[in-house]
Every structure is written in structure tokens, then in C-alpha cells.
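[1] Got a sequence here, can you build the structure:
(4 chains)
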2 protein chains.
Amino acid sequence: MTISCQRPYREVLERLRMSGLRPTRQRLALARLLFGGCDRHVTAEALHSEAVSAEVPVSLATVYNTLHQFTEAGLLREIVVDAGRSYFDTNTADHHHFFHERTGLLVDIPGADVVLAQLPPAPLGTKINRVDVIVRIEG
Amino acid sequence: MTISCQRPYREVLERLRMSGLRPTRQRLALARLLFGGCDRHVTAEALHSEAVSAEVPVSLATVYNTLHQFTEAGLLREIVVDAGRSYFDTNTADHHHFFHERTGLLVDIPGADVVLAQLPPAPLGTKINRVDVIVRIEG
DNA sequence: GTGATTGCAAATCTTTTGCACTAAA
DNA sequence: TTTAGTGCAAAAGATTTGCAATCAC
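    Here you go, the predicted structure:
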């Protein structure tokens, strides 16, 4: 049995439009790579190679710009697990991550699988934005 | 009332010796800045400025090397909260962090103040190394 | 003395930026 | 046509590395 997460072209396009992002050739190509299938984690460098391999010449600078625009639009979430390298997650739902330090592999943990029974109050004058749980694994 | 965490010179020196690190001028000076007082969070850049201000000329490269040696020796813990900047924490006990995104301020949360009631099992063939909880705050 | 440690400068790597060019509306 | 978006190359940070000089033992 195979689970497919294939999503049609027009749905991806619609998603861009809804975010107020003009569906340019490059944005569309990147969006299809990112949102056309199952949820995934990418680095800018990796997405760039992928795009180039897929005959979609995009500059690395544009990949960076696009990833940030998508993140700002709420289509992606930036994950910080590794000093000096940013990951972007297409899964924007509430969830956490396993991070394999040696391989750099990032794996989702469904939101329900981590239960934070107690959290301290935010320091005076601040409010909690998000809670990230990173389970660092090895082996 | 003031809580002091002053620690004597010879204790810091002993700590280096115990870690098998030769107590050189630079290592000792950095160790005193790091471990001579209360627990703290530093970036390489910040520690370097501090050292230079304290009349202890150390090169930035040596600060980086030293921070990593200390981390490897278990005297420090590296905290990743910000892509492209590493923080080092002198508190190596089990605990978590508030991170103020705008100011870059990092504040300890005592281990007991965060209760993880449930964690998923590590993926097959791996083991959990550490669990980091980062409470991102704003305002 | 001898091997570990340091400083410096250069290299590396990731990410951002400025600006002329191109494409979407 | 008009404005947003793109590519490129250069800049900006953070971190690392190579190697000769220096220091702890």
C-alpha cells in the first residue's frame, strides 16, 4: 500500500494566490516542489539543487527570498536546530521534531505525541510566541 | 540582599585540570569569565569582547576553539536557538530556555518548571540524546 | 626541548543586499 | 505600462583552518 500526498497543480497555484504572492515562474516551481507532495523539510541549498535538477533554473538568492516570503505568508515554518543552517518545514501545524545530529535528518513528531504538562509563565511584559521541542537523537 | 556566585580562582583552575585541559593563560582567563561567577549565556563574539575589555587579549579564533573544547569537556552546553549564531550556557544541568527573538536574550527555565508528560519513542535504531524545549517569547 | 596551544589571516559557508533586467498584471 | 520579482555578483556574518610563533610542562 502506498500513501500518496499528491496535490494538483491548480491547488498549489491557488495557495499562492490566496497568500497574495504573485505566481511567478520561479515561485510556482518552488511551490510545486514544496507543496505538491507530502510534507517535507528542506534547506535553501537542498531546494536550490532540486530545482536546478528539475530543469527550473532559479538562483540561490531567489530560493532564499522565496523561502522567507513563504514563511511570512504562513505557508512554511522555519526550524532552527543546527547553528548556521536553516530548515523549512511545509507542515505548519502544531508539532515538534526529532533531529539526528550526525545526518542532519529532521523528522516530524505529531503534536499529540509530545505533552507539555507544565510550562512556566512568560517573563513579565512578554508573551509566548511558540514552544519548540527538539528531541536530539543519535545512533 | 545579594546572591553571590563568586567562585575562587583555584576552583576554576582545578576544573580545567580535571577536564584534561592544559590551563593556559587564555583558557584560564576565559574560564574565569565563564565560571568565576553566576551561570551565564554567551556568544563567541560577546565573550571575545569581554575578554579584550578585561585586558586579556585573546583572538576570536581561540575563543571559538576554547568554547568548543569546553563544550566537549562537558563544562559548557551549546544552545541553538538562532540560525547563524551559537550560544553557550555554563549551566549544564537539565533545564530549558526562554528565547526573546527580538533582543536575542536567552533566559534559563529551571528543569522542574517544564514537565514533559509524554515523549514519543526514538526512531528505530536511534536513542535520545537530549530534549531541548525552547519557549520563544516576544513583547 | 617538545608537543600542545595560540594568533593571525585567509578560507569557507550560509545568508543578505543592491541594482539593472525581466516578467506578470 | 507599471510594479513586483529575479539574477547576479558582491557584501556581510559566523565559524573554521593552516601554519609559524609561543608557551606549559
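[2] Secondary structure element holding A:Arg15?
    helix A:9-18 (DSSP states H and E).
[3] go on, A:Val81?
    Per DSSP H and E: strand A:77-82 holds A:Val81.
[4] ditto for A:Leu124
    Counting by DSSP H and E, no helix or strand carries A:Leu124.
[5] Tell me the pLDDT of it.
    The score at A:Leu124 is 91. That number is its pLDDT.
[6] and it, how far is that from B:Val114?
    Here A:Leu124 is placed at a distance of 19 Å from B:Val114 (CB to CB, to the nearest Å). To be clear about C-beta, it is placed using only N, CA and C from the backbone, and glycine gets the same treatment.
[7] do the same with A:His96
    Taking CB to CB, one finds A:His96 at 13 Å from B:Val114.
[8] sorry, back to before: A:Leu124 and B:Val114: who's more crowded?
    B:Val114 (21 against 6; other CB atoms under 10 Å in any protein chain shown).
[9] mind listing what that one touches?
    B:Val114 is in contact with A:Leu116, A:Gln118, A:Leu119, A:Pro120, B:His96, B:Val133, counting by CB atoms under 8 Å, 6 or more residues apart in numbering or on different chains.
[10] which parts of chain A sit against DNA strand C?
    A:22-25, A:43-45, A:60-61, A:64-65, A:68, A:84-86 (CB under 7 Å from any atom of the strand).
[11] Not counting sequence-adjacent ones, nearest residue to the spatially most central residue of chain A?
    Central residue of chain A (CA atoms, centre = their mean): A:Asp89, 1.6 Å from the mean position. In space, and not counting its chain neighbours, A:Asp89 is closest to A:Arg77: 4.7 Å by CB to CB, 6 or more residues apart in numbering or on different chains.
[12] Report how many residues lie close to the one you found.
    Quick note: A:Arg77 (other CB under 10 Å) scores 18 neighbours.
[13] what are the bridge partners for A:Ile128, then?
    Taking DSSP bridges, one obtains B:Ile137 as the residues bridged to A:Ile128.
[14] mind checking how far it is from A:His68?
    23 Å.
[15] Beyond the lowest-mean-pLDDT helix or strand in chain A, next helix or strand please.
    Lowest on mean pLDDT, DSSP states H and E among the helices and strands of chain A sits helix A:9-18, with a mean of 88. Later in the chain than helix A:9-18, the nearest helix or strand by DSSP H and E is helix A:25-35.
[16] Report the angle between that next one and helix A:9-18.
    Relative orientation of helix A:25-35 and helix A:9-18, computed by axes from the mean of the first three to the mean of the last three CA atoms, to 10 degrees: 110 degrees.
[17] hang on, A:Ala83 packs against B:Phe88?
    No: A:Ala83 lies out of contact with B:Phe88 (CB atoms under 8 Å); the separation is 10.6 Å.
[18] Show me whatever sits in contact with both of those two.
    Joint contacts of A:Ala83 and B:Phe88 (CB under 8 Å, 6+ apart) are B:Glu78.
[19] These two: which has the busier surroundings?
    B:Phe88 (21 against 15).
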